[in-house]
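Colleague: return a 3D structure for these sequence lines:
(chains A and B, ligands or ions: 1)
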Amino acid sequence: MAGDTGTKERSNSGVGARQIRREDDRLLRGKGRFVADIKMSGMQELAFLRSPLAHARIKSITVPDALRDTVYLAADLTGVIGIRADSGLPGFRSSVQPILADTKVRHVGELIAACLSDTRAGAEDIAEEIQTEFDELPAVWDMTAAQSPDAPLIHENWDKNAFLETQTEVDFDGATADAAVVVNKTFRTARQCMAPIEGRGLVAVWDRTLEVLTLHSATQMPHIVRTGLAECLGLDHGQVRVISPDVGGGFGYKGILLAEEVCACYLAIKLDRPIRWIEDRREHLTAGANCREHFYDITGYAAADGTLLAVDCNALVDSGAYSSYPFSACLEAAQVTSILPGPYKMRGYRCSATSVTTNKPPILPFRGVARTGVCFAIELLLDAIARELSIAPEEIRARNLVTPQEMPFTNITNKYFDSGDYPEALRRAIEAIDLPSIRSEQKSQTGRERIGVGLSIFCEQGAHGTSVYHGWGIPMVPGFEQATARLTPDGGLELRVGVHSHGQGLETTLAQIAHERLGITIEKIKVVHGDTAYTPYSTGTWGSRCIVMAGGAVATACDALGQRIRNIAGHLLQSENDDVALEDGVARAGTASVSIEEVAKTWYLKPQLLPDGVDPRGLEATEGYKTVQDTGTFSYACHAVKVSVDLDLGHVKLLDYVIAEDAGTMINPMIVDGQVLGGAVQGIGTALFEEMPFSETGQPMASTLADYHLPVAADIPDIRIIHMETPSPLSYFGQKGIGESGAIGPPAAIANAVNDALSSLGAEVAQVPMTPERILAALDQAEKGDKA
Amino acid sequence: MKPVDFSYLNAMNLEQAENALAGQSCSIVSGNQSLGPMMNLRLARPGVLLDVSRVEELRRAEETDTEVRFGAAVTHAEIEDGTVPDPTGGWMRAAASNIAHRAVRNRGTIGGSLCHADPAADWVTVLPALSAQISIAGPDGVRKVDAIDFVVGPYATVLAPGEIVVSVAVPKPSAAARWGYWKFVRQVGEFSKASAAILDDPDTGRSRVIVGALGRQPLLIDKPDDVIAGRIDGKAALSHALPDMPACAVRMHAVAIDRAIEQMAGSPE
Ligand SMILES: Cc1cc2nc3c(=O)[nH]c(=O)nc-3n(C[C@H](O)[C@H](O)[C@H](O)COP(=O)(O)OP(=O)(O)OC[C@H]3O[C@@H](n4cnc5c(N)ncnc54)[C@H](O)[C@@H]3O)c2cc1C
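Modeller: Predicted structure coming up:
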């Protein structure tokens, strides 16, 4: 099955079809409805006074008398509690993120006062009139310095600046004994911002008759936001409805409960007026969407033939000042210890990881979460070992990758690899990039431009469930995923799901799945999502889980509904239920058939025709779904990239890019391509451009998109994707989660390619983004080393 | 962020603009591609905006035998597209086509770019290399300033309050002239990290080597003929002109000089 590129006959809109995205018609015509499109009469605009300092005690906040009734401070938020997201892991230090700070600020951009006006500009004018006095404290701006015993404490009642320290050790002692080489490296990834095209935003409305708060919020997890909000505001769940309309990209940032949301909802209730807050790009960059910052001190032990014997690592994640809801401050670092080995076999393993507390905004899970960092660390380490042993990068990988014969495979950290052929992905990527011709091209280069080729291989655990997440002990653990499938009286199908689609194309793929199971034409299938009032509870869209979990739930609900349709159809056709098949919108038994529309009409409008003993639950089924085993599906990929490096300027150009990936059964190959490409572009941003530097006083230094460089179309080569299709034995159709995959591989592959290009000069980069300054510094250092 | 409250005046001709400037303190706005972002960030807080983007005299380009005189409100896109004459037979069109993105070029203007005086801006480097001359109207009439003297520091020009740039005159180079302009940008649409513009025009005696994106006003390099001929290398010329410049910056700008020389060619048209 591995490597089956899927030439089998496929329905033109069911599972496997290259169905055009149904949501695109409205989005491309500008007919989408985003939070910022919502207007309500009497609506007030909210702007915040934010902390200008990274670490300070607040001495005083003075609001001019004339503005007093337009400004709200912490003391005005009666009964509101701060955001708390604890992990149950032993030793976790708990933080409470105030909705509005009143005693101390712990990062630039922290909320201090909420200001209301008819316009955003007016609200900003008010914020400028508020006088604040601070006692500034030294800022903890660097995660390595935060560890020092004399670093100031960010949370004064803690013993150190760390949310959590975790360790994993498996058979480490003794595993290193036969090592022919020991290679130690330090690696760093920059703090990034997620930068979806739409930032956060909300409109909060209080219905005083129903006593229901409706929050329209650009969120990927409406049900979780509802739970978090109810807790912070002291409301019953029944009093909170969250609507997530069209959302312009999430990437993890929109999974987070924001203090801004809690504050705006409180004000909407208190003032009984709609309140709107639309995050601007400056707030987004400097106070909101921070992610990714890792540090690795990693040592690899290998035999002379390149066999990996052991890996030893000490990792730090700069987690910022607070633990954010619901993922907590520790998820990222704690994941490092369990996923660092990637798809490689080794005899011994030891890793410790610390979620370091700093005076920066909380670190949030971004597409790929910890994987992008660990892939960078392990893949650069492998290349370094290969260089040391004078063996080829592809050879060291082939030697250590898990093989298809070993599947299913449980790795050294107890990760269960469900299926796949990793060496084949490597082989196909190398073939497509034409490695031999790059190697011969390299032999003849003499000028000031050098070419290099780099590889990275990784797996992406997706749709992992209860058994994995309850271990973290965070506020949210996914269980059964539910979906409702409901036939309307005209034979249309409505699917209700608690996940949210904001770029993933779920309005298309979930309909394809329903079509596959029920045969109802895709034009008559409507996917309802993004409203807690309409949809079953779900943890939402994260962790590359939707196509597996919501897809499985939709299939299961459709199967239950199909049973009931067949039941009624069997009666109408005077045939046994078991003999009825659903296809092309009709129920067929032998040569007789009745349309599904007629079946629906019978249930809703002509009940006199129903059989005795008809299922009273009717033509609406809500079912829960879990994978066969909830350890997750493992999609994987090999990235291969050819670069050129300008030795005078340190400028990197991407000349060719190949991704050989395996998403299991593809529900819609075009959407898989879109996910992989979009992710890869973000990964290229991580590799070459994106960085939010902080000054030593904790000031964020890239406050606009002129300073925070995102990848643009002209930076991206024509990325070629090669699909493999090894079904997962765990999921409904064999599909695997692949939503984050593309963003994981590029930093490692591109850095390996740059290092390949620089290898004859003895220079090496170990940090992303690989800016001209960093590459020139590496070249300078190599030159100095030569002279020394 | 949103700008603080301001009022808006629109001038249709130079007289209206001058009257408005004489009457009150106001901030001129042309393409609004630099001022707009600064206002949005509340870094600029003008009380009154005077829009000159429709001023008739500023929208024209006039060609004579010896030069083209661009109205200050001619856009980058109009130069790129050849909607206005190019005195250099294509060099200015090429430079214009690499400023920012097309959306910015549609609005951004040659005069606005000079007056904003971003050290890394294209016209700020290119126009001095072409020996352009700038006409400024003020309460005391019109004065002319050489482009090389117009920018006096980062975001600073010789303009006095109440003055307005009316036009930029670019002389036609001789038939034998050669030109090279090279800038280092990692990404399309980005301001350059280093740049150099070089005109080799022995017949007119206007040969020049200008280095831009130095975080200061454009640098006029001594002995351009020696640099162009390779008798003085870029690094030496820079270190001589700016002895305190950090080594890594010298390196990047020296590359810019070298590559501009490598690219030197005659007019395409
Ligand atoms: C995303 C982006 C990328 C960019 N990239 C580049 C680039 O690569 N290279 C580059 O060179 N530029 C770049 N720019 C700047 C762009 O070229 C602007 O158009 C230019 O700098 C300003 O021109 P403007 O007409 O928009 O001026 P405005 O923003 O309208 O005005 C700028 C300043 O000049 C003053 N001013 C304008 N006209 C006059 C006048 N006639 N007399 C006196 N004062 C006047 C204004 O008062 C103001 O202080 C970029 C801009 C953006 C937004």
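Colleague: show me what counts as buried in stretch A:171-183.
Modeller: Burial within stretch A:171-183, assessed by neighbour count using 16 or more other C-beta atoms under 10 Å in any protein chain shown, is assigned to A:172, A:175-176, A:179, A:181, A:183. Where C-beta positions appear, they are placed from N, C-alpha and C, glycine not excepted.
Colleague: how about CSV for those residues, with distance to the ligand added?
Modeller: CSV is the format used below for the buried residues of stretch A:171-183 (distance: C-beta to the nearest ligand atom, whole Å):
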residue, distance to the ligand
A:F172, 52
A:A175, 53
A:T176, 53
A:A179, 52
A:V181, 47
A:V183, 43
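Colleague: ok, and of those, which contact chain B?
Modeller: Among those, no residue sits close to chain B (C-beta under 8 Å from any C-beta of the partner chain).
Colleague: now render those residues as a markdown table, adding pLDDT and secondary structure.
Modeller: Shown next, in a markdown table, are those (pLDDT from 0 to 100; DSSP: H, G, I helix; E, B strand; the rest coil):
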| residue | pLDDT | secondary structure |
| --- | --- | --- |
| A:F172 | 97 | coil |
| A:A175 | 96 | coil |
| A:T176 | 95 | coil |
| A:A179 | 97 | coil |
| A:V181 | 98 | strand |
| A:V183 | 98 | strand |
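Colleague: what is the most widely separated pair among those residues?
Modeller: A:F172 and A:V181 (17.1 Å; C-beta to C-beta).
Colleague: about what we covered before: adding distance to B:A169, write the buried residues of stretch A:171-183 out as TSV.
Modeller: Shown next, in TSV, are the buried residues of stretch A:171-183 (distance: C-beta to C-beta, whole Å):
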residue	distance to B:A169
A:F172	75
A:A175	77
A:T176	75
A:A179	73
A:V181	68
A:V183	64
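Colleague: A:I275: which of these is nearest?
Modeller: A:F172 (54.5 Å).
Colleague: which residues does the closest residue to chain B within chain A contact?
Modeller: When scored by C-beta to the nearest C-beta, chain A has A:A121 as its residue closest to chain B, at 3.7 Å. The contact partners of A:A121, taken as C-beta atoms under 8 Å, 6 or more residues apart in numbering or on different chains, are B:2-5.
Colleague: of the residues you listed, grab the buried ones for ChimeraX.
Modeller: Burial among the contacts of A:A121 is assessed by 16+ other C-beta under 10 Å; the matching ChimeraX selection reads:
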select /B:2,3
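Colleague: tally of neighbours for whichever residue of the stretch 151-300 of chain A sits closest to the ligand?
Modeller: In the stretch 151-300 of chain A, the residue that lies nearest the ligand is A:R281 (12.6 Å; C-beta to the nearest ligand atom). Neighbour count of A:R281, defined by other C-beta atoms under 10 Å in any protein chain shown: 18.
Colleague: correct me if wrong: it contacts A:G199.
Modeller: Yes - contact criterion C-beta atoms under 8 Å: A:R281 and A:G199 qualify, at 6.5 Å.
Colleague: want to throw the contacts of A:A121 into a markdown table with pLDDT?
Modeller: Listed next are those as a markdown table, based on pLDDT from 0 to 100:
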| residue | pLDDT |
| --- | --- |
| B:K2 | 96 |
| B:P3 | 97 |
| B:V4 | 97 |
| B:D5 | 96 |
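Colleague: looking at the contacts of A:A121, which is nearest chain A?
Modeller: For the contacts of A:A121, the nearest to chain A is B:K2 (3.7 Å; C-beta to the nearest C-beta).
Colleague: can you pull the contacts of that closest one?
Modeller: Contacts of B:K2 (C-beta under 8 Å, 6+ apart): A:119-121, A:124, B:40.
Colleague: widest-spaced pair of those?
Modeller: Taking C-beta to C-beta as the measure, those span a maximum distance of 14.1 Å, between A:T119 and B:N40.
Colleague: among those two, which residue is more densely surrounded?
Modeller: Neighbour totals were compared for A:T119 and B:N40, and B:N40 leads with 16 against 13 (other C-beta under 10 Å).
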